[in-house]
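**Student:** can you look at this prediction? I've put the sequence above it.
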Amino acid sequence: MALDLQHIKEQLQAKEKELQESIAGLTEAYPEPVDPIQASEGPQDFEEIAVDFLETQQEQSIMVNQQALLQEVRDALKRIEDGTYGRCIDCGQPIPEKRLQAIPWASRCVQDAEKIEKKNLSREELYGDRREF
């Protein structure tokens with residue numbers, strides 16, 4: 001069974017829109033990192049400040065992960081356009097169809113993805129500063 005690139009492209013575009021909306025909502029809720037102690041209005045106990053800080057950190061972490069995923073989705077759309085979609089960006093071998101159906105933005109074959117995971121490289125190390133958020 002051959003890949004239906006049009007269907008995959010539509011899936012990726014839908015995921016891109018979903019991520020953009022989610023990031024916009026998070027950006028609106030948390031426009032910039034906030035020092036909870038300086039931002040507090042009036043006396044608060046340390047427990048309340050800590051909870052607020054952790055919630056903010058968690059939301060910002062989610063936003064960073066969503067921004068990275070958005071870039072992966074955009075990269076996959078670009079690979080469709082330039083005819084390299086479905087090939088591992090490291091070894092050039094075909095990425096199994098089942099993997100692409102499960103993770104349409106996959107850019108690596110399972111073996112290379114596992115190598116990266118074992119090395120525990122950050123997304124920044126993988127993609128550098130070429131992200132478009």
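**Tutor:** Nice, I can see it. Numbering: from 1, shown residues only.
**Student:** which SS class is T84?
**Tutor:** Secondary structure state of T84, per DSSP: H, G, I helix; E, B strand; the rest coil, is coil.
**Student:** quick one: pLDDT of it?
**Tutor:** pLDDT, T84: 96.
**Student:** F53 now?
**Tutor:** Note on F53: pLDDT of 81.
**Student:** cool, V34 as well?
**Tutor:** pLDDT recorded at V34 is 55.
**Student:** ok, Q58 next?
**Tutor:** What the model reports for Q58 is a pLDDT of 86.
**Student:** for it, pull up the helix or strand it's in.
**Tutor:** For Q58, the host element (DSSP states H and E) is helix 46-82.
**Student:** tell me how far stretch 56-74 lies from the chain's centre.
**Tutor:** Distance of stretch 56-74 from its chain centroid, counting by C-alpha atoms, centre = their mean, to the nearest Å, is 5 Å.
**Student:** whoops, stretch 8-18 was the one
**Tutor:** Distance, centroid of stretch 8-18 to centroid of chain: 13 Å (C-alpha atoms, centre = their mean).
**Student:** got the CA positions of it in CSV?
**Tutor:** Provided in CSV are the C-alpha atoms of stretch 8-18 (Å, rounded to 0.1, in the frame of the first residue of the first chain):
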residue,chain,number,x,y,z
ILE,A,8,-0.9,12.8,5.3
LYS,A,9,-0.5,16.5,4.2
GLU,A,10,-4.0,17.2,5.4
GLN,A,11,-3.3,15.4,8.7
LEU,A,12,-0.2,17.5,9.2
GLN,A,13,-2.0,20.7,8.3
ALA,A,14,-4.7,19.9,10.9
LYS,A,15,-2.0,19.2,13.5
GLU,A,16,-0.2,22.4,12.6
LYS,A,17,-3.4,24.4,13.1
GLU,A,18,-4.2,22.7,16.4
